[in-house]
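In: Have a look; sequence and predicted model below, questions after that.
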Amino acid sequence: MILSLQRLLAAVVLALVSATAAAQGVIYKCTPPGGSVEYTDIKRGKYCTAMDLPGTVIAAPPRRTAPGAARPQAAQPAAATAVPGAFPRVDNAEQRARDADRRAILEDELRSEQQKLAALRAEYNNGVPERRGDERNYAKYQERTAALRDSVGRTEKNVEALKREIGNIR
């Protein structure tokens with residue numbers, strides 16, 4: 001009884017192992033001139049050969065067409081995406097109100113970013129910020145200067161992006 005259970009278990013494990021080997025695809029044995037051997041699933045040059053493992057199927061290489069031969073054409077995409085008739089529409093007054101709200105929010109963000117930029121530029125002082133008492137080490141001062149420079153650049157980009165976004169509102 002125990003022996004048949006062990007055989008059954010061994011058969012199930014063998015079936016699972018062969019199923020996973022088949023699902024993994026082709027295994028290549030690569031032997032470059034140096035003599036080292038590598039087993040991989042990626043064919044790397046002329047030194048790799050596909051291994052014939054039990055339970056695996058080696059796929060045929062893709063066919064190459066002649067340079068002058070016509071290639072099959074892919075399906076053409078739809079000219080335009082159709083809008084369903086039941087798609088909710090917003091009247092012009094509602095859209096104008098939404099755009100006005102969006103503009104107000106973006107302008108508020110723009111003002112706060114411009115204030116932040118002015119404060120950062122004042123602290124950065126054209127690349128020569130005032131040295132703090134805790135910066136006895138010159139490297140700390142340089143790190144803070146670099147962080148300020150990065151912050152100024154990032155905030156300038158934010159201001160530009162907000163201006164662009166406000167300009168895109170109808």
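Out: That came through fine.
In: Would you state the helices of the chain in chain order?
Out: Here the chain has its helices, by DSSP state H, at 2-24, 92-124, 138-168.
In: mean pLDDT lowest for which of those?
Out: Lowest mean pLDDT within the helices of the chain: helix 2-24, at a mean of 56.
In: Contacts only, for residue 165.
Out: By C-beta atoms under 8 Å, 6 or more residues apart in numbering, the residues touching residue 165 are residue 106. Quick note: C-beta positions are derived from backbone N, CA and C, even for glycine.
In: try the one 4 residues further on
Out: Contacts here follow C-beta under 8 Å, 6+ apart; on that basis residue 169 touches 99, 102, 103, 106.
In: Any quick PyMOL command for the buried ones out of these?
Out: Command for PyMOL that selects the buried part of the contacts of residue 169, burial taken from 16 or more other C-beta atoms under 10 Å:
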select buried, resi 106
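In: okay, the helices of the chain in TSV with distance to residue 39 next?
Out: Listed next are the helices of the chain as TSV, based on distance: least, C-beta to C-beta, whole Å:
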stretch	distance to residue 39
helix 2-24	12
helix 92-124	56
helix 138-168	47
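In: From residue 113, how far out is residue 145?
Out: To residue 113, residue 145 is 22 Å away according to C-beta to C-beta, to the nearest Å.
In: Next up, the contacts around residue 132.
Out: For residue 132, the contacting residues are 141, 144, by C-beta under 8 Å, 6+ apart.
In: Got phi/psi on it?
Out: With angles defined as degrees, to the nearest 10, residue 132 sits at phi -90, psi 160.
In: Residue 157 - how many residues pack around it?
Out: For residue 157, the neighbour count with other C-beta atoms under 10 Å is 11.
In: Would you enumerate the residues in contact with the residue nearest to residue 158 when sequence neighbours are not counted?
Out: Closest residue to residue 158 apart from its sequence neighbours, by C-beta to C-beta, 6 or more residues apart in numbering: residue 113 at 5.0 Å. Applying C-beta under 8 Å, 6+ apart to residue 113 gives the contacts 155, 158, 159, 162.
In: ok, so of those residues, who is nearest residue 37?
Out: Nearest to residue 37 out of those is residue 158 (C-beta to C-beta; 55.2 Å).
In: mind checking which of the helices of the chain is nearest residue 32?
Out: helix 2-24 (23.1 Å).
In: circling back: pull the most distant pair out of the contacts of residue 113.
Out: Taking C-beta to C-beta, no two of those sit farther apart than 155 and 162, at 10.5 Å.
In: State the distance from residue 98 to residue 114.
Out: In terms of C-beta to C-beta, residue 98 sits 25 Å off from residue 114.
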